[in-house]
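S.K.: Pasting the sequence and the predicted model now:
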Amino acid sequence: MSLNFWEEFKSDIYSLAPMEDVTDTVFREVVLSVATPGLLNVLFTEFCSTDGLCHPVGQKKVAHRFYVNPSERALLKEKGVKLVAQIWGSKPEKFSQAVKFLTSEFEFDGIDINMGCPVKKIVKQGACSALIGKPELAREIFQATRENTELPVSIKTRTGLKKHNTEEWISEVISWKPAAVILHCRTQTDQSDRPADWTQMNIAVELRNSIAPEIPLIGNGDIFSMEDAQRFMIQTAAEGVMFGRGIFQNPWLFNESLSERTPSEKIELLWKHASLFEETWGRSKNFSLLKRFFKIYVSSFGNSAKLKNELMNVNSLEEVHDILNSFNSSIPE
Ligand SMILES: Cc1cc2nc3c(=O)[nH]c(=O)nc-3n(C[C@H](O)[C@H](O)[C@H](O)COP(=O)(O)O)c2cc1C
């Protein structure tokens, strides 16, 4: 049996983007718990440094990024969703070492190499999107990774540095024959501010068709709803999509029902998230990391602004409990 799960999905592949401080085991489980089977196929961890993974002290610091709760594991299995670990770095030997460790000590379905992050302090180290300007090193990194794992290795990247350079860069990436390519349709300098240019995916699809038609292409950038996803796949003929910030607008993004959620449903999911966070991380992560999430559950219902304000000042699960309790008793039956 092939270990390459990407081969199981022919088209309409739906995934949630790797997002630092967002897609930990807790949030992934929350999203999974309300996803309709078949409408979410692949989840990604937060990115993790290969330098960190190869260092005895660093390893302890970054290990939380790859932690998977047993309850998430059970849901992944039940809903047939794959989990991919994302790594980044600039030295091929660190990728070899990190990926051996990852493959032997963890249970991921695939490895993804970050060749897209535009954050300055990372680019300065010659990693992530900086690799777009160093195709030889990028290839060495891919090869060092692939040679040291049986898991499928995908690449998540952008279209260029200052300008779109899709023809040249994506031809290069496809020539390595990765298991999949996730193309964020922006350049490095676009950050996430400028609109994504979906036509770059049309260029990538054409190239891929002539070089290696078997490699799935997944598009990313300004895909905020299932409607956008359909439009993207029809316009570009890509095999799948990756949603990023769209999940902040709607945690039910991967649910077949398009109806607006009731305040009670939103509050219930918020509580699930906060209590699972506390159970999983205790005091090892800052409780205020949850505040960015409260906003996504508490929106567009009467009194939501007041509730949101109150939640912005909490520091513990008990405080969340008390605020939600008094709010719940004010919801009409
Ligand atoms: C808070 C945040 C954290 C992110 N962290 C990562 C990361 O760890 N790895 C990665 O490849 N991309 C990361 N990204 C980029 C997203 O994966 C995605 O490519 C980007 O948000 C564009 O998609 P969108 O327009 O649908 O949001 C992050 C984005 C956000 C908003």
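M.R.: Received it, and whenever you're ready, just let me know what you need.

S.K.: How much space separates residue 71 from residue 103?
M.R.: Distance of residue 71 to residue 103, given as CB to CB, to the nearest Å: 24 Å. Just so you know, the C-beta spots here come from the backbone N, C-alpha and C atoms, and that holds for glycine as well.

S.K.: cool, and residue 235?
M.R.: Counting by CB to CB, the gap from residue 235 to residue 103 is 37 Å.

S.K.: Equivalent analysis for residue 241, please.
M.R.: Where residue 103 is concerned, residue 241 sits at a distance of 27 Å (CB to CB).

S.K.: what's the domain layout of the protein?
M.R.: According to automatic domain parsing, the chain comprises the domains 7-249, 263-328.

S.K.: Spell out, range by range, the helices that occur in the stretch 151-300 of the chain.
M.R.: 166-175, 199-211, 226-236, 246-249, 263-281, 291-297 (DSSP state H, counting those that start in this stretch).

S.K.: try the stretch 1-150 of the chain
M.R.: 25-33, 50-53, 56-62, 70-79, 92-105, 120-123, 135-146.

S.K.: Which positions in stretch 240-260 come out as buried?
M.R.: Neighbour counts using 16 or more other CB atoms under 10 Å place 240-244, 246-248, 250-255 of stretch 240-260 among the buried residues.

S.K.: Ignore what I typed, I meant stretch 181-193.
M.R.: 181-188, 190.

S.K.: cool, and stretch 11-31?
M.R.: For stretch 11-31, the neighbour count (16+ other CB under 10 Å) marks 13-19, 22-31 as buried.

S.K.: near the ligand too, which of those?
M.R.: For the ligand, the contacts drawn from the buried residues of stretch 11-31 by CB under 6 Å from any ligand atom are 17-19, 22.

S.K.: Any chance of a markdown table for these, columns pLDDT?
M.R.: As requested, those are exported to a markdown table (pLDDT from 0 to 100):
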| residue | pLDDT |
| --- | --- |
| 17 | 98 |
| 18 | 98 |
| 19 | 98 |
| 22 | 96 |
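
S.K.: Adding distance to residue 36, write these out as CSV.
M.R.: Putting these into CSV (distance: CB to CB, whole Å) gives the following:
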residue, distance to residue 36
17, 19
18, 22
19, 21
22, 21
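
S.K.: Excluding residues flanking it in the chain, which one is nearest the closest residue to the ligand within the chain?
M.R.: Closest contact between the chain and the ligand, by CB to the nearest ligand atom, is at residue 244 (2.6 Å). Excluding its sequence neighbours, the residue lying closest to residue 244 (CB to CB, 6 or more residues apart in numbering) is residue 17, at 4.0 Å.

S.K.: Pretty sure the one you found sits against residue 242.
M.R.: Yes - judged on CB atoms under 8 Å, residue 17 makes contact with residue 242 at a distance of 4.9 Å.

S.K.: Please identify every residue contacting each of the two.
M.R.: residue 220 (CB atoms under 8 Å, 6 or more residues apart in numbering).

S.K.: And the buried residues of stretch 181-193, which is closest to residue 122?
M.R.: residue 188 (10.9 Å; CB to CB).

S.K.: per-residue confidence for the closest one?
M.R.: You'll see residue 188 listed with a pLDDT of 98.

S.K.: for residue 1, same thing?
M.R.: Confidence score, pLDDT, at residue 1: 56.

S.K.: can you pull the contacts of residue 269?
M.R.: 30, 34, 251, 297.

S.K.: no, scratch that, I was asking about residue 156
M.R.: Residue 156 neighbours (CB under 8 Å, 6+ apart): 18, 86, 112-116, 181-182, 184, 220.

S.K.: Go through these and say which is closest to residue 277.
M.R.: residue 18 (18.6 Å).

S.K.: Once you drop chain neighbours, what's closest to that closest one?
M.R.: residue 44 is the one closest to residue 18 (CB to CB, 6+ apart), at 3.7 Å.
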